[in-house]
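Engineer: Output the structure for:
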Amino acid sequence: MMNVFQKSLKSFHTIAIKGCREIRFSNGGHLFACASQSNINIYKFYTGENGDMIYKMHGGPVRCLHWFDDDSGFISGGWDGNVFCWKLYTDKKDPNDENPQYIYSLKNF
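Structural biologist: You can find the predicted model right below:
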């Protein structure tokens, strides 16, 4: 992550992700999702923090990411033929409120 000054770029924060193929900013710009192989990491843009926002479910590399309009979650599609709908904030006490919220799978892919 870099800060832009008049005629120079200054390094602000370095995030060590290898093989990142997809980065998508949220609609509000305060979060961004990085897909590295079959993992998706969500970072806060202003601080570079990750917290516990790591999503693992794809059997192969993640192909695309799309944020919900209200930035409450995102959809990920993978080369394995699966599409997952993720919620960012789930109620840990409610066993029915878990991630991924919805799973769509192509048969014989």
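Engineer: Now for residue 2: which residues touch it?
Structural biologist: Neighbouring residues of residue 2 by Cβ atoms under 8 Å, 6 or more residues apart in numbering: 9-12. All C-beta spots, glycine's among them, are computed from the backbone N, C-alpha and C.
Engineer: hmm, which helix or strand of the chain has the shakiest average pLDDT?
Structural biologist: Ranking every helix and strand in the chain by mean pLDDT, DSSP states H and E puts strand 2-4 at the bottom, with a mean of 74.
Engineer: Quick one: classify the residue nearest to the spatial centre of the chain as helix, strand or coil.
Structural biologist: By Cα atoms, centre = their mean, the chain has its centre lying nearest to residue 33, at 3.2 Å. Judged by DSSP: H, G, I helix; E, B strand; the rest coil, the three-state class of residue 33 is strand.
Engineer: Residue 78 is in contact with residue 104, correct?
Structural biologist: No: Residue 104 is beyond contact range of residue 78, at 10.9 Å (criterion: Cβ atoms under 8 Å).
Engineer: These two - which one has more neighbours?
Structural biologist: Neighbour comparison, residue 104 and residue 78: the larger count goes to residue 78, with 20 against 12 (by other Cβ atoms under 10 Å).
Engineer: Chain neighbours aside, what residue packs nearest to that one?
Structural biologist: residue 58 (3.9 Å; Cβ to Cβ, 6 or more residues apart in numbering).
Engineer: Equivalent analysis for residue 79, please.
Structural biologist: Nearest one to residue 79, counting by Cβ to Cβ, 6+ apart, is residue 60 at 4.4 Å.
Engineer: roughly how far apart are that neighbour and residue 70?
Structural biologist: 29 Å (Cβ to Cβ, to the nearest Å).
Engineer: Check residue 77 too.
Structural biologist: Taking Cβ to Cβ, one finds residue 77 at 20 Å from residue 70.
Engineer: Of the two, give the one with the bigger neighbour count.
Structural biologist: Using other Cβ under 10 Å as the criterion, residue 77 and residue 70 rank with residue 77 on top: 18 against 9.
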